[in-house]
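> need a structure here:
(2 chains)
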Amino acid sequence: MPGADIQPEALQGRRVLIVEDELLVAMELENLLQQSGCTVLGPANSVARAMALLERERPDVVLLDLNLNGEAANPVAATLSRQGLPFVVVSGYSPAQSNAPELAGAPRVGKPGDRHRLLHALSLVVRPSRGN
Amino acid sequence: MMDSNPPSDLDFHSVFAKSPAPSLVLDRRLFIVYANEAYLRTTMRSLTEIRDRYVFDAFPESGERTARFKAAFEQALAGDENVMTAEPFAVPVPESDGGGVREIVWTCTQTPVPGRSGQVEFVLQNALDVTAQVRAQQAQRQVEDRLRRVLETDTVGIVFYDETGAIIDANDVFLRMSGYSREQVRSGELHWRKLTPPEWMDLAEAEMEKLHGTGRSGPYEKEMFLAGGERVWMLIAGRSLGDGSMVKYCIDIGDRKRAEQERELLGRELSHRVKNTLAVVQALASQTRAPSIEAFREAFIGRLQALSRAHSLLIDMQWKSLGLRALVDQAIEAFRADRPNTVEVDGPPVQVTPKQGLGLSLVLHELGTNAAKYGAVSHRDGVLRIRWRVEERDDGPWLVLEWLERGGTATEPPAEKGFGTRLIERACAYELGGEVDIAWPPEGLTCTIAFPLD
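I've put the predicted structure just below:
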């Protein structure tokens, strides 16, 4: 059962960067994360904006859409891997279509997303906060 | 020791007369002295008809042929036997046999024959009819010529391999396709392995084995290395030639392969877009709030329709740009017909990008719905003014659009920011890269949207 093992407390107070080009989807994710007690950074709708945000902010976890208005988000993934920031890939592409090495290891959530799966995936990758 | 003399009862005259080799004897003046039966049969003449006549009177020929035969006869008379191979010869057919001319081809040997004096007095012409052989050769040449044309068919490369798998010959088409030179082909340095990219080696091995085993292979598709190191897609079929050597036919299918790959890419892109669209629909559904199912349906479908109409406009414009006027018209279409005096629209022609157009269509829809439900359009005396202008700013031209409602019911800011307001704010920042200012003064809602035009 998806959702059965969600640990909402794992996400409580976490800073989540949303990288998503679709306005309505970004708003939905924002809603969902805020309801789960997260602080939302972004949303960023392009590689440039995501990179700019990452220079100023250090999120606990990132939700990454692979296609940003036709632009591949792989450079963002590479930066996140380099900085050791956990991320979850949200994509309409199948894994075979996006099997770049910088995406290896990151959990994937299909598009359109199931909110339980999404929260579950986030709670899996986010590191335990100092308080826990 | 054997007696070299013939038996006494052998008549040499009869031997010569009956010899199956057509033979003609001329004297030094080139007058016909004698012709044997085979000669007379071939030329359809009788001896009395031609005897004691100048040979070219008895057998008239063209000037050019006459000259050559004359030279040959004279050479023989000078003591040199000579041969004229495959010489065409026109035999006049007697009227009794239908008339006309029968073209035969023969190989004539002119032999000097000494008279009793021991000097060359005569020339013996032995004429061998080679018409059938020559005709057969011509037919063969025709077949070969036809085959050669087949081998040079413009699109089919043909490659011959020896039993070790080295290329030993190829047609011009293959050379053109592959960039290899005739010298490289002749040298035998081009082994099929050398032309096969590593990942195609297994398939190529299997097909070669099939060719050796069954005499045939293919048709199959694989990539091949060109002379320059690039690759080309080929459709290939092979046939063994019975002596260990092999032939392969190949057709360049690069264009078709590129089209296939493009189609595959398009299919993937389409599937991605469909999923994306479903995600947008899901997002709209999950964020649309309403007190009842009916109200939900109306609000949800209204938003979906706004997106759908903007997409239709985009398709009409081949996803290049959108006219602002058309977007505004769509947003107010629902109530403009009923309240023609309520709405004023004014602004210069402006084109926005597809992304901006989609964002703007959502914003205008939210504003329109709000105006129709609670704002100026819901009131008899209400007026809605939509005006826009282009402003030059430091970073280029910006569009400034004002949405002004007057004379409606008194408005007040919503107690809690609803989805509509959030959407307007977000769309302006996110999709338009601009800013928005919404105010709810008592006289009516004012919304100013400004964003850079690309």
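
> Dihedrals phi and psi, the residue in chain B that chain A sits nearest to?
Residue nearest to chain A within chain B: residue B:275 (3.3 Å; C-beta to the nearest C-beta). The way it works is simple: take the backbone N, C-alpha and C, and place the C-beta from them, glycine included. Dihedral angles of residue B:275 (phi, psi; degrees, to the nearest 10) stand at phi -60, psi -40.

> That one touches residue A:109, doesn't it?
No. Judged on C-beta atoms under 8 Å, residue B:275 makes no contact with residue A:109 at a distance of 11.7 Å.

> now check the helix or strand where residue A:28 lies, is it near chain B?
Following DSSP states H and E, one finds residue A:28 within helix A:23-35. Yes. Against chain B, helix A:23-35 shows contacts by C-beta under 8 Å from any C-beta of the partner chain at A:23-28, A:31.

> Check which residues of that helix are buried.
A:23-33 (16 or more other C-beta atoms under 10 Å in any protein chain shown).

> so which of the residues you listed comes closest to residue B:136?
residue A:25 (81.7 Å; C-beta to C-beta).

> correct me, but the closest one touches residue B:278?
No. The criterion here is C-beta under 8 Å, and residue A:25 misses it with residue B:278 at 10.2 Å.

> what touches both of those two?
A:111-112 (C-beta atoms under 8 Å, 6 or more residues apart in numbering or on different chains).

> got a list of what residue B:153 touches?
Residue B:153 neighbours (C-beta under 8 Å, 6+ apart): residue B:173.

> is it fair to say it lies in a strand?
No. Counting by DSSP: H, G, I helix; E, B strand; the rest coil, residue B:153 is not found in a strand; it is coil.

> Please tell me the pLDDT value assigned to it.
Listed pLDDT for residue B:153 reads 77.

> and it, backbone torsions?
phi -50, psi 130.

> Model confidence score at the one residue in chain A that gets nearest to chain B, please.
Chain B sits closest to residue A:92 of chain A, with a gap of 3.3 Å, by C-beta to the nearest C-beta. Note for residue A:92: predicted pLDDT of 70.

> ok, and the closest non-adjacent residue to it?
Excluding the flanking residues, the one nearest residue A:92 by C-beta to C-beta, 6 or more residues apart in numbering or on different chains is residue B:275, at 3.3 Å.

> Could you list which residues are in contact with that neighbour?
Residues in contact with residue B:275 (C-beta under 8 Å, 6+ apart) are A:92, A:110-112.

> can we see that at 10 Å?
Residue B:275 is in contact with A:91-94, A:110-112, counting by C-beta atoms under 10 Å, 6 or more residues apart in numbering or on different chains.

> Can I have the buried ones of the residues you listed as a PyMOL selection?
Buried members of the contacts of residue B:275, defined by 16+ other C-beta under 10 Å, are picked up in PyMOL with:
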select buried, chain A and resi 91+92+93+110+111+112
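
> In the contacts of residue B:275, find the pair that's most separated.
Distances among the contacts of residue B:275 were taken as C-beta to C-beta; the most separated pair is A:94 and A:112, at 14.4 Å.

> What residues of stretch B:236-249 count as buried?
B:236-238, B:240, B:246-249.

> any idea which of those is closest to residue B:113?
Nearest member of the buried residues of stretch B:236-249 to residue B:113, counting by C-beta to C-beta, is residue B:247, at 54.7 Å.

> can I assume the closest one sits in a strand?
Yes. According to three-state DSSP, the state of residue B:247 is that of a strand.

> Dig out what it forms beta bridges with.
Residue B:247 forms beta bridges with residue B:160, residue B:239, as assigned by DSSP bridges.

> Tell me which residues touch it, please.
Residue B:247 neighbours (C-beta under 10 Å, 6+ apart): B:151, B:158-161, B:169-170, B:211, B:237-241.

> tell me the two of the residues you listed that are most distant?
B:151 and B:211 (19.2 Å).

> for chain A, what are the nearby residues on the stretch 201-350 of chain B?
Residues of the stretch 201-350 of chain B found near chain A (C-beta under 10 Å from any C-beta of the partner chain) are B:268-269, B:271-287, B:303, B:307.

> Got a quick ChimeraX command for the buried subset of those residues?
To isolate the buried subset of those in ChimeraX, counting by 16+ other C-beta under 10 Å, use the following:
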select /B:272,275,276,277,279,280,281,282,283,284,287,303,307
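
> Now intersect the residues of the stretch 201-350 of chain B next to chain A with the strands, please.
In strands, judged by DSSP state E, none of those are found.

> show me the contacts for the spatially closest residue to residue B:122 that is not a sequence neighbour.
Leaving aside its chain neighbours, residue B:122 sits nearest to residue B:113 (4.1 Å; criterion: C-beta to C-beta, 6+ apart). Each residue near residue B:113 by C-beta under 10 Å, 6+ apart is listed here: B:25-27, B:33, B:76-77, B:120-124.

> can you do 7 Å?
B:25, B:120-124 (C-beta atoms under 7 Å, 6 or more residues apart in numbering or on different chains).

> biggest separation within those, which pair?
Pairwise distances across the contacts of residue B:113 (C-beta to C-beta) peak at 12.3 Å, for the pair B:25 and B:120.

> Is the closest residue in space to residue B:396 that isn't next to it in sequence bridged to anything, and to what?
Nearest non-adjacent residue to residue B:396, counting by C-beta to C-beta, 6+ apart: residue B:452, 5.9 Å away. As for beta bridges, residue B:452 partners with residue B:398 under DSSP bridges.

> Number of residues surrounding residue B:452?
Per other C-beta atoms under 10 Å in any protein chain shown, the neighbour tally for residue B:452 reads 15.

> again with residue B:309
Neighbour tally, residue B:309, other C-beta under 10 Å: 18.

> now for the helix or strand hosting it, which elements pack on it?
Assigned by DSSP H and E, residue B:309 belongs to helix B:293-316. Other elements packing on helix B:293-316 under the criterion 3 or more C-beta pairs under 7 Å, 6 or more residues apart in numbering or on different chains; DSSP states H and E are helix B:254-287, helix B:324-336, helix B:354-373.

> repeat that for 6 Å
Using 3 or more C-beta pairs under 6 Å, 6 or more residues apart in numbering or on different chains; DSSP states H and E, the elements in contact with helix B:293-316 are helix B:354-373.

> Just the angle for the helix it packs on relative to helix A:23-35, thanks.
Calculated by axes from the mean of the first three to the mean of the last three C-alpha atoms, to 10 degrees, helix B:354-373 forms an angle of 70 degrees with helix A:23-35.
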